[in-house]
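Engineer: The following comprises the amino acid sequence and a computationally predicted model.
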Amino acid sequence: EAELAAVLGHEVGHYLRRHSIKHLKKARNTLSITTFATVGLEAAKAKQKEIENVQILLLSQIFSFSRKQEREADAIGTILTANAGYDPAAGARVWETVMAEFPSTKHMKRAPVFATHPITPKRRARILDLAAKLHPARRELHRERFLKTRAPLEGMLWQDQLEKGTVYRTVALAERLLREGDRSAKALCVNAEALRRRGNLGDGQAALKFYREAVASGEELFPWCWKGYGLAALRWSIQPGEGRKALATYLKLVPDAPDRQALEFYLQDGRSTP
């Protein structure tokens, strides 16, 4: 909850400093330059790819705050977080988490979040330095309260991440759950599914281990966890019927599954995944 407060505080900081108004003025000027540059390149018979590159470069400037504006928003957000009774260092942890999701600087540069909110070690250090100077009466994290509130949406959120997010980011997020000591059935399912989808050498057996531990816990699983378990078992398990049993459970929980016909194919004896 403290990290969410830090993110909201940062965005409120942009609002309080009227960064959006300055942003609109910059956007108007940038759009004028973009139009002028495009016409000039077309007149010079530049290649379409060159024109597109110039447009992307200029338009990307519209959506990014300046480094000064980011520093101001960071400072205001940190102070607001502390004033609300949360740990003021939470903002630094947000960026630590985001950076950990990317395996290299090259991947970070491609991510939209860094186009609008560039992050550097100095920026993180500034947040921590300011947090150390603040002395709030409380430094709450409210982790358990946040997780309880988020619980009804958790399955949907993780499924969206698994389907739309990049594999390396999903694996990083899943591993964070285990590092924080969360070995609930749902955390195990997320890790299993992330590894199954990545499919590197050894990921299959590791995924099966997590799936089996989740099932053995007796806790309720996300419906899509049963589907992933079934597909993983059909591909990597030597235990007869393990995969088909898991898929049958999934189809029972989700009778109108859009891929029902395809999954029923694997329920037939002797079938296995490609």
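Structural biologist: Here it is on my side, so go on. Numbering: from 1, shown residues only.
Engineer: Leu128 and Ala92 touch, don't they?
Structural biologist: Yes. Assessed by Cβ atoms under 8 Å, Leu128 is found in contact with Ala92 at 5.0 Å. Quick note: C-beta positions are derived from backbone N, CA and C, even for glycine.
Engineer: Looking at the two, which one has more neighbours?
Structural biologist: The neighbour count for Leu128 versus Ala92, taken as other Cβ atoms under 10 Å, is higher for Ala92 (23 against 14).
Engineer: what are the ranges of the helices in the stretch 101-250 of the chain?
Structural biologist: Taking DSSP state H, counting those that start in this stretch as the criterion, the stretch 101-250 of the chain carries its helices at 105-110, 112-116, 121-133, 143-164, 167-179, 185-198, 203-216, 223-236, 242-253.
Engineer: how about the ones you listed, which one is nearest Leu8?
Structural biologist: Nearest to Leu8 among the helices of the stretch 101-250 of the chain is helix 143-164; the distance by Cβ to Cβ comes to 12.8 Å.
Engineer: for the closest one, which positions count as buried?
Structural biologist: The neighbour-count check on helix 143-164 (16 or more other Cβ atoms under 10 Å) flags 155, 158-159, 161-162 as buried.
Engineer: about what we covered before: in TSV, list the helices of the stretch 101-250 of the chain along with distance to Ile76 and mean pLDDT.
Structural biologist: As requested, those are arranged in TSV below (distance: least, Cβ to Cβ, whole Å; pLDDT from 0 to 100):
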stretch	distance to Ile76	mean pLDDT
helix 105-110	25	56
helix 112-116	17	56
helix 121-133	10	90
helix 143-164	22	88
helix 167-179	27	87
helix 185-198	34	95
helix 203-216	41	97
helix 223-236	40	96
helix 242-253	46	96
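Engineer: Those helices: which one's closest to Leu263?
Structural biologist: helix 242-253 (5.4 Å).
Engineer: Just checking, which helix or strand succeeds that closest one along the chain?
Structural biologist: helix 260-267 (DSSP states H and E).
Engineer: any idea of the mean pLDDT in that next one?
Structural biologist: Helix 260-267 comes out with an average pLDDT of 90.
Engineer: Now do it against helix 242-253: the angle between them, please.
Structural biologist: Angle, helix 260-267 to helix 242-253, by axes from the mean of the first three to the mean of the last three Cα atoms, to 10 degrees: 150 degrees.
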